[in-house]
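Q: Okay, predicted coordinates and the sequence, questions at the end:
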Amino acid sequence: MYKILTLNNISVAGLERLPRDKYEVASEIQHPDAILLRSFNMHNWEIPSSVKAIGRAGAGVNNIPVDDMSKRGVPVFNAPGANANAVKELVVAGMLIAARNLCQGWSFARNLEGEDNEISKQVESGKKHFAGFELPGRTLGVIGLGAIGVQVANAAHALGMNVIGYDPDITVQSAWQMSSDVEQAAGVDDLLSRSDFVTFHVPLVDATRHMINEERLHSMRDNVVLLNFSRNGIIDDEAVVKALEEGKVYSYVCDFPSNLLKDHPRVITLPHLGASTKEAEDNCAIMVADQVSDFLENGNVRNSVNFPKVYMKRGGKSRLAVVNANVPNMLGQISTSLAESGLNIVDMINKSRGELAYTLVDVEGEITQECTDRIAATEGVLSVRTL
Ligand SMILES: NC(=O)c1ccc[n+]([C@@H]2O[C@H](COP(=O)([O-])OP(=O)(O)OC[C@H]3O[C@@H](n4cnc5c(N)ncnc54)[C@H](O)[C@@H]3O)[C@@H](O)[C@H]2O)c1
Ligand SMILES: O=C(O)CC[C@@H](O)C(=O)O
């Protein structure tokens, strides 16, 4: 029986992929084999030594100590693209909400008082304060052209906007999926100087932290609208509030409320709703549950942020899964240990990623505890499992 600890609400559609005869799933459980989570902050939280895999039912993994997990030989899985449509829809909504002053107008309407004919008069005299502008012909800058950025770029283009994108590491897959009308910016500064709206779809890492600061805000067009559905920390919020007060920035729409932002009249904060649709929650949970169970049961690795992609169809009687340092002669030592136990190799795959290497070996006979202990004791081996 595998034990799965959930640290956030994970959609039932995903949990149903873990059958009860093989999996015990709970939000409190001792010695879990794997953890499923969404935004729970795992930094400064003691991850039990029994954990063999972590599944993030979402895209961003900045809440998980990925480097520490790599040192322990534990793969971290995520769900690339599974919530991209949900975020795209919210970005489009955010542009419209900002351009048409919908929050301010709604708040005005909700506070109207008096008889209906009096309300009608206030509506006609007050609405001039909420006049907005339209999207076609305006330029949207998209920073980060991965699963979400590409969908946002295509949707904005379909709405008649000019779209400029920047991503130094765009994948071939993203490039294929993106409208050929999306223009490539020379860099962040080039994009910022030409955009009426700027939206961010990058992971939070050292290189993206405070990518929008006071200096960059000055280089932007007047009345720019900023949208941050990526992560708190990518934009220097204090600098944006200053730029809003100076009239440089028109509106700031983001998914990360704070005391500084939540009551500002030109800031619209939402409670981290980007991925909060039934469809996205189901997609993410199904994807990570499948990936984690395939790893626990078969050792296969799909969509890991720290492990190489490894898939091997089951053959032979038993399977050995070894995580080790990516140094010479590990494979030689593993196969020697198997040979010393009289085990014949049926199939084998070995892949590396950075400092890690991962091997699956199918053998004809039963792998003994003595054999796994010998492999586990080999210098550079981080973990060994028989499956
Ligand atoms: N608000 C939400 O609920 C929500 C939901 C999903 C994702 N997110 C956030 O959005 C981020 C992006 O998600 P995704 O699914 O598109 O991820 P993704 O990995 O598909 O795309 C990220 C893209 O950013 C690019 N990138 C990295 N550093 C860059 C830089 N310095 N400049 C420009 N581009 C850079 C990468 O090359 C990649 O193409 C996630 O990491 C997460 O933090 C938020
Ligand atoms: O789980 C969520 O609701 C948010 C997920 C989102 O931030 C992500 O990075 O995928």
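A: Noted; the coordinates are in hand. Ligands and ions are numbered 1, 2, ... in the order given.
Q: any idea of the pLDDT on the closest residue to ligand 1 within the stretch 51-200 of the chain?
A: Closest residue of the stretch 51-200 of the chain to ligand 1, Cβ to the nearest ligand atom: Gly146 (1.7 Å). Any C-beta I mention is one placed from the backbone N, CA and C, and that applies to glycine too. Listed pLDDT for Gly146 reads 98.
Q: so how far is Ala175 from it?
A: 11 Å (Cβ to Cβ, to the nearest Å).
Q: Next: Lys313.
A: The value you get for Lys313 to Ala175, if Cβ to Cβ is used, is 31 Å.
Q: Relative to Gly274, how far out is the residue of the stretch 51-200 of the chain closest to ligand 1?
A: 14 Å.
Q: out of these two, which sits in the busier spot?
A: Gly274 (24 against 20; other Cβ atoms under 10 Å).
Q: quick revisit: test my guess that the residue of the stretch 51-200 of the chain closest to ligand 1 contacts Gln173.
A: No: using Cβ atoms under 8 Å, Gly146 is not in contact with Gln173, being 9.5 Å away.
Q: Near Arg385, how many other residues are there?
A: Using other Cβ under 10 Å, Arg385 is surrounded by 17 other residues.
Q: ah, wrong one, I meant Asn259
A: Neighbour tally, Asn259, other Cβ under 10 Å: 6.
Q: check contacts around it.
A: Residues near Asn259 by Cβ atoms under 8 Å, 6 or more residues apart in numbering: none.
Q: Equivalent analysis for Ala275, please.
A: Ala275 neighbours (Cβ under 8 Å, 6+ apart): 38, 58-59, 83, 86-87, 281, 284.
Q: Of those residues, which pair is most distant in space?
A: Taking Cβ to Cβ as the measure, these span a maximum distance of 14.0 Å, between Arg38 and Val87.
Q: Distance-wise, check Asp68 relative to Ala57.
A: In terms of Cβ to Cβ, Asp68 sits 20 Å off from Ala57.
Q: Show me which of those two is the more surrounded one.
A: Shown here are Asp68 and Ala57; by other Cβ under 10 Å, Ala57 has more neighbours (31 against 12).
Q: Could you check how far the nearest residue to Arg138 once chain neighbours are set aside is from Gly132?
A: Take Arg138 and drop its neighbours on the chain: the residue closest to it by Cβ to Cβ, 6 or more residues apart in numbering is Asp196, 4.3 Å away. Asp196 sits 13 Å away from Gly132, going by Cβ to Cβ.
Q: swap in Ser293?
A: 49 Å.
Q: Please apply the same query to Gly233.
A: Counting by Cβ to Cβ, the gap from Gly233 to Gly132 is 29 Å.
Q: Next: Ala280.
A: 28 Å.
Q: which of the two has more neighbours?
A: Neighbours were counted for Ala280 and for Gly132 using other Cβ under 10 Å; Ala280 has more, 22 against 16.
Q: quick one: that one and Gly81 touch, right?
A: No: taking contacts as Cβ under 8 Å, Ala280 lies outside contact range of Gly81: 10.2 Å.
Q: ok so Asn324 is a strand residue?
A: Yes: checked against DSSP: H, G, I helix; E, B strand; the rest coil, Asn324 lies within a strand.
Q: and Arg100, how many neighbours does it have?
A: Quick note: Arg100 (other Cβ under 10 Å) scores 16 neighbours.
Q: my bad, Asp167
A: The burial count for Asp167: 20, using other Cβ under 10 Å.
Q: Touching, it and Leu145? I think so.
A: Yes: judged on Cβ under 8 Å, Asp167 makes contact with Leu145 at a distance of 3.9 Å.
Q: intersection of neighbour lists for the two?
A: Common neighbours of Asp167 and Leu145 (Cβ under 8 Å, 6+ apart) are Ser174.
Q: Quick one: residues contacting Lys52.
A: Taking Cβ under 8 Å, 6+ apart as the test, what Lys52 contacts is 33-34, 74, 295-296, 383, 385.
Q: can you list those in CSV and add distance to ligand 1 and secondary structure?
A: Formatted as CSV, the contacts of Lys52 follow (distance: Cβ to the nearest ligand atom, whole Å; DSSP: H, G, I helix; E, B strand; the rest coil):
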residue, distance to ligand 1, secondary structure
Asp33, 26, coil
Ala34, 21, strand
Val74, 20, coil
Phe295, 20, helix
Leu296, 25, helix
Ser383, 26, strand
Arg385, 29, strand
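Q: Dump these to CSV, plus distance to ligand 2 and pLDDT.
A: Converted to CSV, the contacts of Lys52 look like this (distance: Cβ to the nearest ligand atom, whole Å; pLDDT from 0 to 100):
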residue, distance to ligand 2, pLDDT
Asp33, 22, 98
Ala34, 17, 98
Val74, 20, 98
Phe295, 20, 98
Leu296, 22, 98
Ser383, 27, 95
Arg385, 28, 97
